[in-house]
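1. Test case, fold it:
(chains A and B)
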Amino acid sequence: MAVSRQWLETLPAPHGVLQKLQQRGRNALTKNELPTNSLEAWRLTDLKRLEKLFSLTVVTKSEIPLKPFSNSWVKSPKNGFRIVMDPQRDPLEGIILPDGIRPLTPLELEQNLGQVLKSCLCSNDWPIAINNASATNLLALKVEGQDLPPLELITEATQGTFVPSRIILILEEKAKLELLQITLGKQDSAHSHLLEVHLGKEAELNHGWVALGSGEGNLLANLTIEQEEKSNYSLTSVQHGWSLGRLEPRVVQVGGEATTTLKGLQISTGSQQLATHSAVRFDGPEGVLDQLHKTAASGHSHCIFNGEIDVPKIAQRTNAAQLSRNLLMSTRARIDTKPELEIVADDVRCTHGATVSQLQEDELFYMRSRGINSKAAATLLLKGYCQEILDNLPVEANRWGILNQLLESVK
Amino acid sequence: MIRTDSELILEITDLHACVENQPILKGVNLTVRAGEIHAVMGRNGSGKSTLSKVIAGHPAYNVTAGKIQFQGQDLLAMEPEERARCGVFLGFQYPVEIPGVSNLEFLRVATNSRREKLGQAELDTFEFEDLVRERLNVVQMDPAFLERSVNEGFSGGEKKRNEILQMALLQPVFSILDETDSGLDIDALRIVAAGVSQLATPTSATLLITHYQRLLNEITPDFVHVMDSGKILRTGGKDLALELERAGYDWINSTNKDQEDN
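-> Predicted structure coming up:
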């Protein structure tokens, strides 16, 4: 199959600060065009949908941007600032950054580019290769302050386009930031998103990541996080509306004593296939993880969750809890969930659990006996189910009416 | 209150029903008029709860013969939610816990679906809060229970109060209270019974399903029916319940047998 080779030929010649990575990614794709189902991490993936990526036009950096975004989104946050990730433009074009946030210097960029990926042991993963190969622009920021306005980052893929986006965020010691990422996709579109975050000692990042497709688009997103001692990283992710959606949050606590909170929600409808593959590694003692992942699958859709937790010998007194809760909303839907804990340290507390349930007949009848029809009953049940995760999103996420969008599509 | 000229609310004729192909109801006949309070008594397994679920439209119960007319309409042709909107209410013996669904939101959606049928305006969140706080008084219920998930972690008594609160909000025409007295202490029983009595109107009717006389000490029924083996064997006034309490269910069976033999 030479699909990706033809696609690679459409890309501009390697250029700029990402030149080396572009070349590296393209070499990797030439050798390894697509993952196969024989690989554990891709065992359940519908690879035909993945192939579709190669039929789309890659949006790259351009002197004369062709398609400016319509900007029909909800208004910019009142108390925060918004950056739009359009691969054709410099993301900081026309943006005045608040005090405490600045672009990385060329030297800092050189020192940091790809470092968190290495630390998270995923530099050679296939989604990283495709992002390396295609991204021609990046946003690289250093955060040094504490009382900063929330940052909102928007990425949108319009019809027929493949949108690569890459971000590096370095939070200095004791820096604090609230980040809301909104990823939107139209029909027949795709995203390849790569985020590298380094949290210095005692730094805090409250991260909301919301990816809402229109049902036909594809999404590959890799969020890689490196945490130093006593740092605090909280991710609330929402994934919905993609033909193929794959989110890979990877966190490494390099010095121990850090706290990681992962709250995930994926709602699949129709024939969508949505996956979250999370990995958390404790490379120091006394780390904390609180993870709750929820899925709800209706129609004949498919939800996948794979939660890896690695506690090597050095990570004594780790306290990790993972819970995967899943709701099958139709008899034709499918859910696969797999906790994967590798614990070598002996003095740890690690709990995990996974439940798959259906809308209970007695619950439904109880509601129907109160005049609430089956659909409204299912919506009420789903609303409560989603709210538990959505409540953790940064406050600014409320403007996007996410819950209503989720419920509307399940009706 | 018995008035032979009052409106016919419910008329059950020769009702047969089964669950998982097992016949449970074997020819139930019952007529209920506006303003009346009926009590159905009987041993475990006599078909009392099945009768309540069939009236409410539980999908697991299959009606094999007979009919139920509700205010002149064919009740069996209606979906459970439509029956509720038209004013049929079932107070559950074991109210269902629904984790994650806010009790307040649940009550609001239910109330609005009934109001829509009655041609009344939908209540928004604030209007509904005013209404529900007023109706909480009917069952002396702590407002904190509104903020929790439906019935989740409620004690047996709180669940039953929540049922009567729903009755107070939905203002049904015909209420069936399936063993509302079970699991209640004496004080809670009085509060719940007072709530039911307060909600009884000359235009509505109530069917109490119970094992014991103690609920009927609080709510005086106009008719008492005794069920056995899927049929109503005997109908009488409130004295029948007292007699049952004294002589037990075997007395009904033996007197019935005597009647048949004669």
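
2. Which single residue of the stretch 151-262 of chain B ends up nearest chain A?
-> B:Gln166 (6.4 Å; CB to the nearest CB). Backbone N, C-alpha and C define where each C-beta goes, glycine included.

3. Show the contacting residues for residue 204.
-> You didn't say which chain, so I picked chain A. A:Leu171, A:Ala175, A:Lys176, A:Leu177, A:Ser231, A:Asn232, A:Tyr233 (CB atoms under 8 Å, 6 or more residues apart in numbering or on different chains).

4. wait, chain B
-> B:Ser204 neighbours (CB under 8 Å, 6+ apart): B:Ile9, B:Ala34, B:Gly35, B:Gly87, B:Gln171, B:Pro172, B:Val173, B:Phe174, B:Ser175.

5. One more pass at 10 Å, please.
-> B:7, B:9, B:34-37, B:87, B:89, B:167, B:171-175 (CB atoms under 10 Å, 6 or more residues apart in numbering or on different chains).

6. related to what we said a few turns ago, what about the residue of the stretch 151-262 of chain B closest to chain A, helix or strand, and which?
-> helix B:156-170 (DSSP states H and E).

7. for that helix, packing partners?
-> When contacts are defined as 3 or more CB pairs under 10 Å, 6 or more residues apart in numbering or on different chains; DSSP states H and E, helix B:156-170 packs onto helix B:80-86, strand B:88-91, helix B:103-117, helix B:125-139, strand B:174-178, helix B:186-199.

8. any idea of the angle that helix forms with helix B:186-199?
-> Angle, helix B:156-170 to helix B:186-199, by axes from the mean of the first three to the mean of the last three CA atoms, to 10 degrees: 10 degrees.

9. buried residues in the helix or strand harbouring B:Lys26?
-> Element membership for B:Lys26 (DSSP H and E) is strand B:22-33. Neighbour counts over strand B:22-33 (16 or more other CB atoms under 10 Å in any protein chain shown) mark B:Ile24, B:Leu25, B:Lys26, B:Val28, B:Leu30, B:Val32, B:Arg33 as buried.

10. State the pair within these that is farthest apart.
-> Based on CB to CB, the longest span within the buried residues of strand B:22-33 runs between B:Ile24 and B:Arg33 and measures 26.0 Å.

11. what sits against B:Ser102?
-> By CB under 10 Å, 6+ apart, the neighbours of B:Ser102 are A:Leu380, A:Lys383, A:Gly384, A:Gln387, B:Arg108, B:Leu146, B:Glu147, B:Arg148, B:Ser149, B:Val150.

12. could you measure it against B:Ser149, distance?
-> Separation of B:Ser102 from B:Ser149 (CB to CB, to the nearest Å): 7 Å.

13. so what sits against both of these two?
-> A:Gly384.

14. mind checking which helix or strand the residue of the stretch 51-200 of chain A found nearest chain B is in?
-> At 22.2 Å from chain B, A:Val74 is the closest residue in the stretch 51-200 of chain A, using CB to the nearest CB. Following DSSP H and E, one finds A:Val74 outside all helices and strands.

15. So what's the residue count around residue 73?
-> In the absence of a named chain, this looks at chain A. When neighbours are defined as other CB atoms under 10 Å in any protein chain shown, A:Trp73 has 16 of them.

16. try again with chain B
-> Count around B:Gln73 with other CB under 10 Å applied: 13.

17. need the contact list for it.
-> With CB under 10 Å, 6+ apart, B:Gln73 has these contacts: B:Glu82, B:Arg83, B:Cys86.

18. in the sheet, who's paired with the spatially most central residue of chain B?
-> The centre of chain B sits closest to B:Ile176, judged by CA atoms, centre = their mean, with a distance of 1.1 Å. Judged by DSSP bridges, the bridge partners of B:Ile176 are B:Leu90, B:Leu207.

19. where does the nearest residue to A:Asp362 once chain neighbours are set aside land in three-state SS?
-> Nearest residue to A:Asp362, sequence neighbours excluded (CB to CB, 6 or more residues apart in numbering or on different chains): B:Val96, at 5.1 Å. State at B:Val96, reduced to three classes by DSSP: H, G, I helix; E, B strand; the rest coil: coil.

20. how about the residues of the stretch 301-411 of chain A near chain B?
-> A:327, A:360-374, A:376-377, A:379-388 (CB under 10 Å from any CB of the partner chain).

21. So A:Gln181 sits against A:Leu205, correct?
-> No: judged on CB atoms under 10 Å, A:Gln181 makes no contact with A:Leu205 at a distance of 11.5 Å.

22. For A:Leu179, list each beta-bridge partner.
-> Going by DSSP bridges, A:Leu179 is paired in beta bridges with A:Leu151, A:His207.

23. can you pull the contacts of it?
-> A:Leu179 is in contact with A:80, A:141, A:143, A:148, A:150-153, A:167, A:169, A:171, A:195, A:197, A:205-209, A:235, A:394, A:396, counting by CB under 10 Å, 6+ apart.

24. And the residues you listed, which of them are buried?
-> Buried members of those, scored by 16+ other CB under 10 Å, are A:80, A:141, A:143, A:148, A:150-153, A:167, A:169, A:171, A:195, A:197, A:205-209, A:235, A:394, A:396.

25. Kindly confirm whether my reading is correct that A:Glu40 touches A:Ile304.
-> No: the criterion here is CB under 10 Å, and A:Glu40 misses it with A:Ile304 at 12.0 Å.

26. Now the common contact residues for those two.
-> A:Lys338.

27. To which secondary structure element is the spatially closest residue to A:Ala129 that is not a sequence neighbour assigned?
-> Spatially, and ignoring its direct neighbours in sequence, A:Ala129 is nearest to A:Ala28 (3.8 Å; CB to CB, 6+ apart). In this structure, A:Ala28 sits in helix A:19-31 according to DSSP H and E.
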